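K.L.:
Would you be able to build a 3D model of this:
(one chain, ligands or ions: 1)
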Amino acid sequence: MSRNIRVGAAQLGPIQLADTREVVVERMLALLHQAHEERCSLVVYPELALTTFFPRWDMSDQEEIDNFYEREMPGPETRPFFDRAKEYGIGFSFGYAELVEEGGKLHRYNTAILVDSEGHIVGKYRKVHLPGHVEHDDDRTHQHLEKRYFEVGNLGFPVWRTMGGLMGMCVCNDRRWPETYRLMGLQGVEIVLLGYNTPVTNSLSPDESPETRMFHNHLSMQAGAYQNSTWVVGVAKAGIEDGHPLFAGTAIVAPNGEIVAQADTETDELVVADCDLDATKFGKETIFNFAAHRRIEHYGPIANQTGVQAPN
Ligand code: ING
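P.N.:
Numbering: from 1, shown residues only. Here you go, the predicted model:
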């Protein structure tokens, strides 16, 4: 028995400050068309797929900052994309900066949505693990101001039963935290869709090699996949954005932790793999049969303690 879903990981090359959403959507549509030609039924795009990675810029003018956010989804620039995907019968996810009024206040999130093959927004996720800092940091080779521009996500780590499987999402830095995958694993997730924008250099450790950073990227996703017996689709925005390089490494990871397909370039590239969602069953029923093997009576600090409390 197999529940196969052909997935397209739609890596995007760089998006410059000067690039309009219309131009970016045209690039996304070109990848969507290629996915249609290759008979994909689900396409995954990166974090902040509509704009440059603006948290690298130290901005204080709220009007300037808010130019990077979407106030409605779909909006005028993204509606053509939603329409074409529905025409093709292809589901998709992508990340964007969300500006929303809730409880009479404006809120700003680093968000991803999941849209099914009939064009319905099935799910939304708001990034929980925000890396970086709030104030300008002279010790860094480049700024990473996600803690200034976004609030911590308030939707948890949902999993949705859609398009024939159990699907979840996370965003970028979330992929480095085991809790992210386990919270979805405890809901039976069979495929995790995530996008990332990751600088080639670590702003706090310029000596860290690009090879080491790519190792950490794949290690995080492979571990998450293996330890929760789920597919993981990790999609980069890559290349040099206004002089700031982001790394690629888009990959589709099988439930046994092996990478089954990955990008060769640092530009717009569709990486395709057939993902049998039933391939998640063996791990879930044996080595990672949570009900049979987990001992939650010992896990309290994982949920109750934030930082390290070392013995004296
Ligand atoms: N980017 C990076 C990521 O988690 C980062 C943040 C940079 C983490 C350097 C570690 C080292 O891939 C985003 N957008 O979270």
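K.L.:
Please count neighbours and contacts with C-alpha atoms only from this point.
P.N.:
OK.
K.L.:
Now for the single nearest residue of the stretch 1-150 of the chain relative to the ligand, how many residues are close by?
P.N.:
Closest contact between the stretch 1-150 of the chain and the ligand, by Cα to the nearest ligand atom, is at Pro131 (5.5 Å). When neighbours are defined as other Cα atoms under 10 Å, Pro131 has 13 of them.
K.L.:
from memory it sits against Phe150, does it?
P.N.:
No: taking Cα atoms under 8 Å as the definition, Pro131 is not a contact partner of Phe150, at 10.3 Å.
K.L.:
For Phe92, which three-state class applies?
P.N.:
Here Phe92 is recorded as strand under DSSP: H, G, I helix; E, B strand; the rest coil.
K.L.:
If you could redo that for Asn154, that was the one I meant.
P.N.:
For Asn154, the secondary structure call by three-state DSSP comes out as coil.
K.L.:
Can you report how many residues neighbour the nearest residue to it once chain neighbours are set aside?
P.N.:
Closest residue in space to Asn154, ignoring its immediate chain neighbours: Arg126 at 6.6 Å, by Cα to Cα, 6 or more residues apart in numbering. Counted with other Cα under 10 Å, residues neighbouring Arg126 total 26.
K.L.:
Write out the residues of this protein neighbouring the ligand.
P.N.:
Contacts of the chain with the ligand, taken as Cα under 6 Å from any ligand atom, map to Pro131, Cys172, Asn173, Tyr196, Asn197, Thr198, Asn202.
K.L.:
Where does the stretch 101-250 of the chain get nearest to the ligand, which residue?
P.N.:
Asn173 (3.3 Å).
K.L.:
Just to check, that residue is in contact with Arg126?
P.N.:
No: with contact defined as Cα under 8 Å, Asn173 does not reach Arg126; the gap is 12.0 Å.
K.L.:
on that earlier part again, quick one, grab the pLDDT at the residue of the stretch 1-150 of the chain closest to the ligand.
P.N.:
We have a pLDDT of 97 for Pro131.
K.L.:
Start the count at 54 instead of 1 going forward.
P.N.:
Understood, numbering begins at 54; the last thing we discussed is Pro184.
K.L.:
And the helices in the stretch 104-253 of the chain?
P.N.:
Assigned by DSSP state H, counting those that start in this stretch, the stretch 104-253 of the chain shows helices spanning 115-119, 132-141, 199-202, 231-238.
K.L.:
Much appreciated, bye for now.
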